[in-house]
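K.L.:
give me coordinates for this.
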Amino acid sequence: MPEPKLAQRGWAFREFVLDLDRGALLRDGVDVPLRPKSLAVLGHLVERHGRLVTKDELLDAVWGHTVVTEGALTQVVIDLRRVLGDSQQRMIRTLRRRGYRFDCPVEALPGIEIDGDAPDAPRAAPGAPPADGAPAVSALRRSRLARGSGLAVGLVLAACGLWWGAADRGVADREPVAAASADRSIAVLPFADMSPRQDQEYFSEGLSEELLNLLAQVPGLRVIARTSSFSYKDGNADIATIGRELNVTYVLEGSVRKWGDRLRITAQLVEAADNSHLWSKTWDRKLDDLFVIQDEIAASVVEALEVTLAGGEVRRVGGTRSPRAFELYLQAQYLYNRRAPGDMARVRAYYEAALAEDPDYAEAWAGLAGAWMVELSERHAEWEIAEPQWREAVERALAKGPDLAESHLRAAQYYSRTRGSAAAQPHRRRALELGRNDALILSVAAADALRQGQFEEAVALQRRAVSLTPIAATYRHNLAALLERAGRFEEAKAQYRQLIVLNPASEARYQTEIGFVLLREGRYEAGLAQIERWGTEPDRDQGRAIAYQVLGRTAEAEAALERLIAMPGATTPVLIADVHAQRGDADEAFRWLAVAQELRREENPALALAVDFGDGRYFGLLKDDPRWAALSNE
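P.N.:
Now for the predicted structure:
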């Protein structure tokens, strides 16, 4: 006969005792009101303290064959954190997209004698009558438990990080969100694809991006751009880390389960600092209801954050009410962002299919214009064939979506390449008016300000773009370059150093940039040493041509310039012009800029022909020459 073993009568943690035989949670010996499902989830987590418990495991264990959504589980966890005073999630930790872990140390309380291994005793559903005279047990796969006591509670209070009297009160007792933080900033993470075949990633990501675009219209709400928020797609970072790295107060996340024409969408709003859930909801609807769901989610976020909407509602601009057109558009967007070989032709096909469903779909026209621009810029299409179609897409986007920021952005891109900067300027301005929460539009506006010699305005616009895309290297690199052009050298170097942290694989590139900033500061020997160590051959010869000339080593400077002139490529004339600008030789600088433009024309008619101060570090020295205005406005 097996030796009898002691079953666990319950668990003690902090000032609580979880009595699973009686089905009760006690705090300092007093019953705490808790719903059966909440008690069952808590028991399952506590018994498995210290390890991951997946959402599916909890759903199966507590709800069994009853069909419920993840939203039901999320709400239970919210209730538990409120009751436990765990608003900072030091007890029940969320492991994003995976499940939960009970992290508070617990003390097992001794119980009655039973035969065999107690944890493997028979189980029954929560609330079910005892079987064969056995005590009631829950679906949490527990052994028979007797009523617990307060034994050992004091031993684990401090280990949980907070005493009850000092703990935050939880979601239900929170002050309004708006009072918690003056910063209204949010990141929309890519929704998880929970579809049966895991083949709806384009749909789940597209839904997330549409929500992001809706929220970006809200005045006073800083919405992190897709470039940065979607970089957390793999789900390895927790919410607190995401909030810290993106510098946001709130995070919106969720999941999509799509089968046939049915949808199940779960969304939840989380405060990043303490990982507390502010709001969550699940929708089970038909695909036709998708637009209503999107609007409800956006409105719920706006209400939770207590921000004021212009016109009283989130306004959908340039969209469609055709579910089929929308789904085709999402497929196009997914491929456009992926950019694998051959994707762009499929992108155009999907946009065109969406427009066949809804010819008035302005976002699809704007997307098609963007696809044609990429095809031409990457030389995958002939100018004579593609340009008329690019023009038509731009004109239709403007006609169907005159208040859509992307329509004017695409128009600015088209006109800057076909009619010059002056023709593009009105559309750049209008895009900025409509899209001040769009990092790309802000960056384009910054480039335009730079082209006009408005350095400080360019820096301010680009800094705003970086705040919306804090971990995107391109936008931060642009900011560093603009700071350098504006003469703010220390700030420029700080941005380049931050880029090295964000992208160590490109350290050589950014260290070279720091070397050129040192040259601009007048630290020629230090700057040249930096460029010699990290730069490519064109970088080194340009640095030598500049530094040696100033240091009085004229022959070496001229030799470096001659080597630069002998190098092939459309970019080297710009480097040569920059050297002459630095030396004060405007005639030679403009001669080489003309060469650069001619090479651009030969290489690709779709490339921008105008030059701006961003093309060269010393072009700002040419801005008062009448030839500059004619060159930059071509």
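K.L.:
do a quick rundown of the strands in the chain.
P.N.:
Under the criterion DSSP state E, the chain contains strands at 5-13, 16-19, 24-27, 30-32, 53-54, 92-95, 99-102, 107-114, 185-188, 192-193, 222-223, 250-259, 262-271, 276-286.
K.L.:
let's have those strands in JSON lines, adding mean pLDDT, distance to residue 497 and mean neighbour count.
P.N.:
For glycine as for every other residue, the C-beta is placed from the backbone atoms N, C-alpha and C. As requested, the strands of the chain are exported to JSON lines (pLDDT from 0 to 100; distance: least, Cβ to Cβ, whole Å; neighbours: other Cβ atoms under 10 Å):
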{"stretch": "strand 5-13", "mean pLDDT": "60", "distance to residue 497": "45", "mean neighbour count": "22"}
{"stretch": "strand 16-19", "mean pLDDT": "84", "distance to residue 497": "48", "mean neighbour count": "25"}
{"stretch": "strand 24-27", "mean pLDDT": "83", "distance to residue 497": "51", "mean neighbour count": "20"}
{"stretch": "strand 30-32", "mean pLDDT": "79", "distance to residue 497": "52", "mean neighbour count": "11"}
{"stretch": "strand 53-54", "mean pLDDT": "88", "distance to residue 497": "40", "mean neighbour count": "17"}
{"stretch": "strand 92-95", "mean pLDDT": "86", "distance to residue 497": "33", "mean neighbour count": "19"}
{"stretch": "strand 99-102", "mean pLDDT": "88", "distance to residue 497": "36", "mean neighbour count": "20"}
{"stretch": "strand 107-114", "mean pLDDT": "53", "distance to residue 497": "49", "mean neighbour count": "16"}
{"stretch": "strand 185-188", "mean pLDDT": "90", "distance to residue 497": "24", "mean neighbour count": "27"}
{"stretch": "strand 192-193", "mean pLDDT": "86", "distance to residue 497": "35", "mean neighbour count": "20"}
{"stretch": "strand 222-223", "mean pLDDT": "90", "distance to residue 497": "24", "mean neighbour count": "22"}
{"stretch": "strand 250-259", "mean pLDDT": "88", "distance to residue 497": "27", "mean neighbour count": "23"}
{"stretch": "strand 262-271", "mean pLDDT": "87", "distance to residue 497": "31", "mean neighbour count": "22"}
{"stretch": "strand 276-286", "mean pLDDT": "82", "distance to residue 497": "34", "mean neighbour count": "18"}
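K.L.:
can you list those strands in CSV and add distance to residue 348?
P.N.:
Putting these into CSV (distance: least, Cβ to Cβ, whole Å) gives the following:
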stretch, distance to residue 348
strand 5-13, 59
strand 16-19, 59
strand 24-27, 59
strand 30-32, 60
strand 53-54, 41
strand 92-95, 40
strand 99-102, 41
strand 107-114, 64
strand 185-188, 27
strand 192-193, 25
strand 222-223, 28
strand 250-259, 25
strand 262-271, 27
strand 276-286, 30
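K.L.:
tell me which of those lies nearest to residue 329.
P.N.:
When the strands of the chain are ranked by proximity to residue 329, the top entry is strand 250-259, at 15.5 Å, counting by Cβ to Cβ.
K.L.:
wait, which of the strands of the chain is closest to residue 561?
P.N.:
strand 222-223 (46.4 Å).
K.L.:
the closest one: partners in the sheet, and parallel or antiparallel?
P.N.:
For strand 222-223, the paired strands and their directions (DSSP bridges) are strand 185-188 (parallel).
K.L.:
neighbouring contacts of the partner strand?
P.N.:
Residues from elsewhere that reach strand 185-188, judged by Cβ atoms under 8 Å, 6 or more residues apart in numbering: 208-209, 211-212, 215, 221-224, 228-229, 242-243, 246-253, 301, 305.
K.L.:
of all the strands of the chain, which one is nearest residue 583?
P.N.:
strand 222-223 (43.8 Å).
K.L.:
out of the strands of the chain, nearest to residue 551?
P.N.:
Ranking the strands of the chain by their distance to residue 551 (criterion: Cβ to Cβ) puts strand 222-223 first, at 46.5 Å.
K.L.:
not counting sequence-adjacent ones, nearest residue to residue 396?
P.N.:
For residue 396, the nearest residue in space outside its immediate sequence neighbours is residue 365; the separation is 4.4 Å by Cβ to Cβ, 6 or more residues apart in numbering.
K.L.:
show me the contacts for that neighbour.
P.N.:
Counting by Cβ under 8 Å, 6+ apart, residue 365 makes contact with 351, 355, 393, 396-397, 400-401, 407.
K.L.:
from those, which land in helices?
P.N.:
351, 355, 393, 396-397, 400, 407 (DSSP state H).
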